Each structure stands twice: as structure tokens, then as C-alpha cells.
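Engineer: Give me coordinates for this.
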Amino acid sequence: MALFKINKRQFPKMRKCLCCFCFSSKISAYISTIFMMIFITYPLIRNILFHEDSYTLIDQFIQTLIIICLVYLLNGIIKDNIYHMELFKIIFLIYLIYSVILVIFDFFKYFYSNTYLEVMFNQYKEYFKNNDDSYNEEELNEIYYYFVTVSYIEDIEESKKKIDYYRNA
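Structural biologist: Sure thing, here's the model as predicted:
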């Protein structure tokens, strides 16, 4: 029987991020968070500076909120602040759900339109012509990043609970 109660994990235990596998877990989470900030910030800045209409005002607000959330996560990783890490878990999950709903909505919007085949043909033609920005790959990268980071956060929470238990014992 365990000496202290450990809550069940909400997410699977994953190893370090693939792009930072040679570093410690903390440095891996830090570097992958910086990469994610760049990954999310670059299209937003490009949209604002060049007045592209790819983002609506709501999308810009959500992207800005996610960037702020990632800054809080960086602060939480550096200072081992569980509150900032928990904030990331909630806000980034809501963002992922929103993104997946948009992908599904776009799919049905095009699928049920009269020009579905024409639109799909043009999209594939554009995709193979300049293959620079795939929406589905972005979603998969964000989901993978979320699971790896939340796994790291839960590891930190477990270690803090163990330390608190032994400190109070």
C-alpha cells in the first residue's frame, strides 16, 4: 500500500518532445514551448503586418491569448509554478477543441457545397504546388505538443506531492 495518495494521471505518460529528446525534461519542455510560441506567433505577425485576411478578429484574439498562455507556461517551467502550468492545461485544451471544431466545420462546409470537387481539386493543386503550410499538420503538431507538455506538468505535480508528503511526514 502506498504511503501517500497519488491521483490518477489525466493524460498518458509521455517522454520528452521528439525535437528535444537529448535534453532533460525541463529543458525539453522549455525549448518546445519556445518553438510553439514561434510557430503560433509568426502567422499572427505576418497577418497583422501584411494585412492578410486569413485571420478574423476572433482568431487574432485567440492566438494572442494562446501566446500569453505560453508565456505563463514558460514562467511556470522556469520557476516550477504549478498554477501557471495548470492554466496552460486548460486554455490550450480549449484552443485545441476550437481548432478541431474549425477543421471539422471547414470539412463539412466544403463537402456539402456544390463545388466540392472543384474546391478539393484546387486545394490539392495548390498544396502540391507550394506545399508550405498544411493546416492538418499544424493541428497534429499542436496536439502532440499538448500531450507531451501536459505529461511533463503532471510529472512535476507528482514530484511536488511526493516532496510535500515527505516534508510534512
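
Engineer: Show me the helices in this structure, by range?
Structural biologist: Counting by DSSP state H, the chain has helices at residues 25-50, 57-79, 82-111, 116-130, 135-168.

Engineer: now the shortest one: mean pLDDT?
Structural biologist: Pointing back at helix 116-130 there. For helix 116-130, mean pLDDT is 60.

Engineer: Likewise for the last one?
Structural biologist: Across helix 135-168, pLDDT averages out at 81.

Engineer: ok, now the second one?
Structural biologist: Per-region confidence: helix 57-79 scores 89 on mean pLDDT.

Engineer: residues making contact with it?
Structural biologist: 26, 29-30, 33-34, 36-37, 40-41, 43-44, 47-48, 55, 81-85, 87-88, 91-92, 95, 98, 149 (Cβ atoms under 8 Å, 6 or more residues apart in numbering). In short, each C-beta sits where N, CA and C put it, glycine included.

Engineer: Contacts only, for the residue nearest to residue 99 when sequence neighbours are not counted.
Structural biologist: Spatial nearest neighbour of residue 99, excluding adjacent residues (Cβ to Cβ, 6 or more residues apart in numbering): residue 139 at 5.8 Å. For residue 139, the contact set (Cβ under 8 Å, 6+ apart) comprises 96, 99-100, 103.

Engineer: hmm, 7 Å instead?
Structural biologist: Residues counted as contacts of residue 139 (Cβ atoms under 7 Å, 6 or more residues apart in numbering) are 99-100, 103.

Engineer: List buried residues within the contacts of helix 57-79.
Structural biologist: 29-30, 33, 36-37, 40, 43-44, 47, 55, 84-85, 87-88, 91-92, 95, 149 (16 or more other Cβ atoms under 10 Å).

Engineer: how many neighbours does the closest residue to residue 48 other than its chain neighbours have?
Structural biologist: In space, and not counting its chain neighbours, residue 48 is closest to residue 60: 7.4 Å by Cβ to Cβ, 6+ apart. Using other Cβ atoms under 10 Å, residue 60 has 13 other residues around it.

Engineer: before we move on, what about the one 3 residues further on?
Structural biologist: Around residue 63 sit 19 other residues, with neighbours defined as other Cβ under 10 Å.

Engineer: Would you quantify the distance from it to residue 24?
Structural biologist: 30 Å (Cβ to Cβ, to the nearest Å).

Engineer: Just give the number of residues close to the closest residue in space to residue 138 that isn't next to it in sequence.
Structural biologist: Spatially, and ignoring its direct neighbours in sequence, residue 138 is nearest to residue 39 (7.7 Å; Cβ to Cβ, 6+ apart). By other Cβ under 10 Å, 15 other residues sit near residue 39.
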